[in-house]
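> Test case, fold it:
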Amino acid sequence: MRKINIIGAGLAGLSAAIHLAQEGIACRLISLQPSERAQSVMAEGGINAALNTMGEEDTVEQHFADTVRGGAYLADENAVQGLTEHAPEIVRRLCSIGVPFNRKGQELVLRNFGGQKKKRTAYSKSSTGKILMSALIDEARKYEAKGLIKRYPHHCLTSLIIENNACIGVEITDLYTGNEGKLYGAVILASGGMNSLFPEMTTGTAVNTGDATAIAFSQGVELANLEFIQYHPTTAAIAGKRMLISEAARGEGGRLYVWENNQPYYFMEEKYPELGNLMPRDVISREMIKTGKQVYLEMAGIPSEAWSRLSDLRDECIRLLGVDPHGCAIEVSPGIHYFMGGIYVDEKHRTSLSGLFAAGECACQYHGANRLGGNSMLGAIYGGSVAAESASAYIGNSAVKEPEWNEKHQSRLLNDYAVNDEVAKILRDALGIFRTEETLVKALNDLNTLDSSGYSENDKKRLEVAKAMVMSALNRKESRGAHTRTDYPETSEAFQKTTVVQYQNGNITLSMRDIARRVAE
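So this is what the prediction gives:
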């Protein structure tokens, strides 16, 4: 029987699993935790689609243009074309399976999101990720009952199985029993971002270790654009991580300011009068740092009726920060929110290794040098279905070997979520919003001279990804999107290319690849 292995059970993984099941192809959904605890549950703001329900004459072409421009012209344009063309259909399908998007009568209400001039973000209050996940989990259960989706929660990837330069399966470990298994078939990685490389700096969970990406890299799979790390401008410190204050707050009228001459100075509105507080995230984050002052997010002016759409965000602020945003401004600063770089895939989500596919945040696709808010959930759902389609075509009608298990009967605790503190500190100092040759060279030297003899195997693999990140940032001698070099402040046409890194024979090689431009019809 044909089977496909999916690593990760968030939006991208569920989307891939459902797509395969609808085609009658069995799959295994392998994840550290159940879907209910996936990173995707934490997504807040919404999902983009040019539905044009707000009377603003929005179009797919405008969504495409905003995405490419927001990504500083580094995104694969053919992939973005597919993403934006399918977006309305995806949102309508989500409605059909029960997603309760905010509505006015029969029409979906769309909100403004950063980097976009039109209202095109469908949402469910400010807990859209949780709502979408609930709907997809329920949809997946129908196929679980039919035996087309089999779940392997509390299992971790330990290795890809590679034969004749092709991925033919995965080696996994059951964290409860310690049993080790080999599961054969094509593989889709949908394992999320690399939060554990930046402990206490990200809005995401450290359970998104990036280990699957690091394992693939250690086995020769190409990664791309690792220098592009998105800092979300409005986050607040809480225990162990950053709390995201959704862009939806600014979409509903929230304003950023600093104190100047004993009064609020709304710097974004002054400098960018057209989009103001809804400029792309990389722009706002840089402007916040440039002020040299504490930045505040003022939400008192949000209309009373809009608070019904932000009620869950308000509750989180009261519960976690001890501040009611309806009556008091919140201290905010940029925090790491998304990794635009990851596993290098083409528009069909094929990686550099035959039989291996990738989707969601672990893959480098759609967002170029900076992601627009509202495109991440869209990219995960659409990318998951594309990866599934490609994997299905790849395996054809071929059968695969039965699983092999080595029973250990001894639990294995996943006790190395966090990358080694030494590596984390080096990355924190080098890969901030502003970067220089001096700090990057020092970081690479420090990483290369670390004594890793006592590191876990996961730590060693993450260390190589960390080196590749710094090498990528050092090589890009320009400022573009989320990558700002103070020593190279201009954007250079010579660097309008994709950074590709590969680990082979103990060495990391780096190259620059041309970007796929949209094929004229």
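> CA only for contacts and neighbour counts going forward, please
Fine.
> so where do the strands sit in the stretch 51-200 of the chain?
103-104, 107-108, 110-111, 121-122, 149-152, 155-163, 166-174, 180-184, 186-189 (DSSP state E, counting those that start in this stretch).
> Figure out which of these is closest to Tyr455.
With C-alpha to C-alpha as the measure, strand 155-163 is the member of these nearest Tyr455 (16.0 Å).
> Could you export the closest one as CSV, CA atoms only?
Written as CSV, here are the backbone C-alpha positions of strand 155-163 (Å, rounded to 0.1, in the frame of the first residue of the first chain):
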residue,chain,number,x,y,z
HIS,A,155,7.3,10.7,18.4
CYS,A,156,10.4,12.5,17.2
LEU,A,157,12.3,12.3,13.9
THR,A,158,15.9,10.9,14.4
SER,A,159,17.0,10.5,10.8
LEU,A,160,15.9,10.4,7.1
ILE,A,161,16.4,7.0,5.4
ILE,A,162,18.3,7.7,2.2
GLU,A,163,19.1,5.2,-0.4
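> Tell me which other helices or strands that strand touches.
strand 166-174, helix 211-218 (3 or more C-alpha pairs under 8 Å, 6 or more residues apart in numbering; DSSP states H and E).
> on that earlier part again, from the strands of the stretch 51-200 of the chain, which stretch is densest packed?
Ranked by mean neighbour count, the strands of the stretch 51-200 of the chain are led by strand 186-189 with a mean of 28 (mean count of other C-alpha atoms under 10 Å).
> That one pairs with which strands, and in what direction?
strand 3-7 (parallel), strand 356-358 (parallel) (DSSP bridges).
> and Ile7, what does it touch?
Taking C-alpha atoms under 8 Å, 6 or more residues apart in numbering, we find Ile7 in contact with 13, 29-31, 157, 187-191.
> Mind listing the residues bridging to it?
In beta-bridge terms (that is, DSSP bridges), Ile7 pairs with Ile30, Leu189.
> gap between it and Gly178?
18 Å (C-alpha to C-alpha, to the nearest Å).
> and if you look at Val400?
Distance from Val400 to Gly178, by C-alpha to C-alpha: 24 Å.
> same thing with Tyr338?
The spacing between Tyr338 and Gly178, counted by C-alpha to C-alpha, is 32 Å.
> Show me where the stretch 201-350 of the chain has its strands.
Under DSSP E, counting those that start in this stretch, the stretch 201-350 of the chain gives strands at 223-224, 229-238, 241-244, 255-260, 263-265, 295-298, 330-339, 342-344.
> for the ones you listed, which one ends up most surrounded?
strand 342-344 (a mean of 30).
> Which strands and helices lie in contact with that one?
strand 223-224, strand 363-364.
> Quick one: closest of the ones you listed to Tyr503.
strand 223-224 (9.2 Å).
> Give the partner strands of the closest one in its sheet and their orientations.
strand 342-344 (antiparallel), strand 498-504 (antiparallel).
> Pipe the ones you listed into TSV and attach distance to Ile90 per row.
TSV is the format used below for the strands paired with strand 223-224 (distance: least, C-alpha to C-alpha, whole Å):
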stretch	distance to Ile90
strand 342-344	24
strand 498-504	28
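> Comparing the ones you listed, which comes out most buried?
strand 342-344 (a mean of 30).
> what about that one, average pLDDT?
Averaging pLDDT along strand 342-344 yields 98.
> Centroid-nearest residue for this structure?
Glu361 (3.2 Å; C-alpha atoms, centre = their mean).
> which residues touch that one?
190-193, 338-340, 342, 376, 380.
> Selecting buried members of these in ChimeraX, what would you type?
Restricted to buried positions by 16 or more other C-alpha atoms under 10 Å, the ChimeraX selection for the contacts of Glu361 reads:
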select :190,191,192,193,338,339,340,342,376,380
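> Now flag whichever of the contacts of Glu361 is closest to His483.
Distance to His483, by C-alpha to C-alpha, is smallest for Met340 among the contacts of Glu361, at 10.9 Å.
> these two touch, right, that closest one and Asn370?
Yes - with contact defined as C-alpha atoms under 8 Å, Met340 reaches Asn370; the gap is 6.6 Å.
> what residues do those two have in common as contacts?
228-230.
> Quick one: those as CSV, columns for pLDDT and distance to Leu183 too.
Compiled in CSV, the shared contacts of Met340 and Asn370 are given as follows (pLDDT from 0 to 100; distance: C-alpha to C-alpha, whole Å):
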residue, pLDDT, distance to Leu183
Phe228, 98, 33
Ile229, 97, 33
Gln230, 96, 35
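> Identify, from those residues, the entry nearest to Glu347.
Using C-alpha to C-alpha, the shared contacts of Met340 and Asn370 come closest to Glu347 at Phe228, 19.2 Å.
> got the contact list for the closest one?
Contacts of Phe228 (C-alpha under 8 Å, 6+ apart): 339-341, 369-370, 481-483.
> who touches Ala50 in this structure?
Ala50 neighbours (C-alpha under 8 Å, 6+ apart): 58-60, 63, 84, 87-88, 120.
> and what of Leu29?
5-9, 13-14, 17, 149-153.
> try it again with 10 Å
The contact partners of Leu29, taken as C-alpha atoms under 10 Å, 6 or more residues apart in numbering, are 4-10, 13-14, 16-17, 35, 149-153, 155, 188, 190.
> Now do the same for the residue nearest to the centre of the chain: its pLDDT.
pLDDT, read off for Glu361, is 98.
> Need the phi and psi values for it.
phi -70, psi -20 (degrees, to the nearest 10).
> circling back to that earlier point, could I get the helices and strands packed on strand 342-344 as a markdown table with distance to Asp324?
What follows is the helices and strands packed on strand 342-344, written out as a markdown table (distance: least, C-alpha to C-alpha, whole Å):
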| stretch | distance to Asp324 |
| --- | --- |
| strand 223-224 | 41 |
| strand 363-364 | 37 |
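> between those, which gets nearest to Ala494?
strand 223-224 (17.1 Å).
> So Glu316 is in contact with Asp324, correct?
Yes - in this structure Glu316 lies within contact range of Asp324 using C-alpha atoms under 10 Å: 9.2 Å.
> where does Ser411 land on pLDDT?
For Ser411, the predicted pLDDT is 62.
> Just list whatever residues bridge to the closest residue in space to Phe267 that isn't next to it in sequence.
Once flanking residues are discounted, Phe267 sits nearest to Tyr257: 6.0 Å by C-alpha to C-alpha, 6 or more residues apart in numbering. Counting by DSSP bridges, Tyr257 forms beta bridges with Tyr296.
> who's in contact with Tyr257?
Tyr257 neighbours (C-alpha under 10 Å, 6+ apart): 263-269, 277, 288, 291, 293-298, 329, 331.
> quick one: it from Pro303, how far?
19 Å.
> can you check Ser511 too?
Distance of Ser511 to Pro303, computed by C-alpha to C-alpha: 50 Å.
> again, but for Ile245
For Ile245, the distance to Pro303 - C-alpha to C-alpha - is 18 Å.
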